[in-house]
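Novice: please work out how this folds:
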Amino acid sequence: MKIIETLRRHRRAANAVAAVICFALVGYAIHSQTANGLDPCPLCIFQRMGVTAMGVAFLIAALLPARPVAWAYTASALTTLSCGATAGIAARHVYIQSLPPGSVPACGATLDYMFEIFPVMDVLKKVLTGSGECAKIDWTFLGISMPGWVLIWALALLVAGLVINWPRRSAGAWPAA
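Specialist: Residues are numbered from 1 along each chain as shown. As a prediction, the model looks like this:
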């Protein structure tokens, strides 16, 4: 409980650290692509966008004041929505990677091509359905694939965002009933 209270007392710094973690994760993904030749599949690209959105949400949360209480709720909502969406995309990717080889959909068009010819909602639907290239596991650490690590980080940062930013009753941050 001391750790939680310390994080809440240093809310801005904790949010800034969470933002740095998010940007470091995206930086590592880009490094893996450029230095190690790990080309991202469409779901990987969406996860990068999600982790970037998480970083921006934590950065905004770091800049928002704790009072009035609406700002605390705003910070909680931003971090929860961005982390939750990213966790959902990563969970879908982990699921696709866990499918037996014969049940994975065939590889589709590239993401750039799909954005050129389809409306955005159709592209989202096709990408989230997954394709053969999304099932391929090129990288693991401790037996967990990169989407698995994105899922772990997104869930951990979702909890951290709520713990750090949710208004406290004891501090009088909640409005009187």
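Novice: now stretch 50-64: average pLDDT?
Specialist: Average pLDDT, stretch 50-64: 92.
Novice: and it, which residues are buried?
Specialist: By neighbour count on 16 or more other C-beta atoms under 10 Å, the buried set for stretch 50-64 is 50-55, 57-62, 64. In short, each C-beta sits where N, CA and C put it, glycine included.
Novice: now do the helices in the chain.
Specialist: Taking DSSP state H as the criterion, the chain carries its helices at 2-9, 11-36, 42-63, 69-98, 111-117, 120-129, 132-135, 146-165.
Novice: now for the third one, which elements pack on it?
Specialist: When contacts are defined as 3 or more C-beta pairs under 8 Å, 6 or more residues apart in numbering; DSSP states H and E, helix 42-63 sits against helix 11-36, helix 69-98, helix 111-117, helix 120-129, helix 132-135, helix 146-165.
Novice: could you check what's spatially nearest to residue 74, not counting adjacent residues?
Specialist: residue 64 (6.3 Å; C-beta to C-beta, 6 or more residues apart in numbering).
Novice: again with residue 20
Specialist: residue 55 is the one closest to residue 20 (C-beta to C-beta, 6+ apart), at 7.9 Å.
Novice: against residue 37, how distant is the closest residue to residue 47 other than its chain neighbours?
Specialist: Spatial nearest neighbour of residue 47, chain neighbours left out: residue 150 (5.0 Å); criterion: C-beta to C-beta, 6+ apart. The spacing between residue 150 and residue 37, counted by C-beta to C-beta, to the nearest Å, is 19 Å.
Novice: could you tell me how many residues sit around the nearest residue to residue 61 once chain neighbours are set aside?
Specialist: Nearest residue to residue 61, sequence neighbours excluded (C-beta to C-beta, 6+ apart): residue 75, at 3.6 Å. By other C-beta atoms under 10 Å, 28 other residues sit near residue 75.
Novice: all set, thanks.
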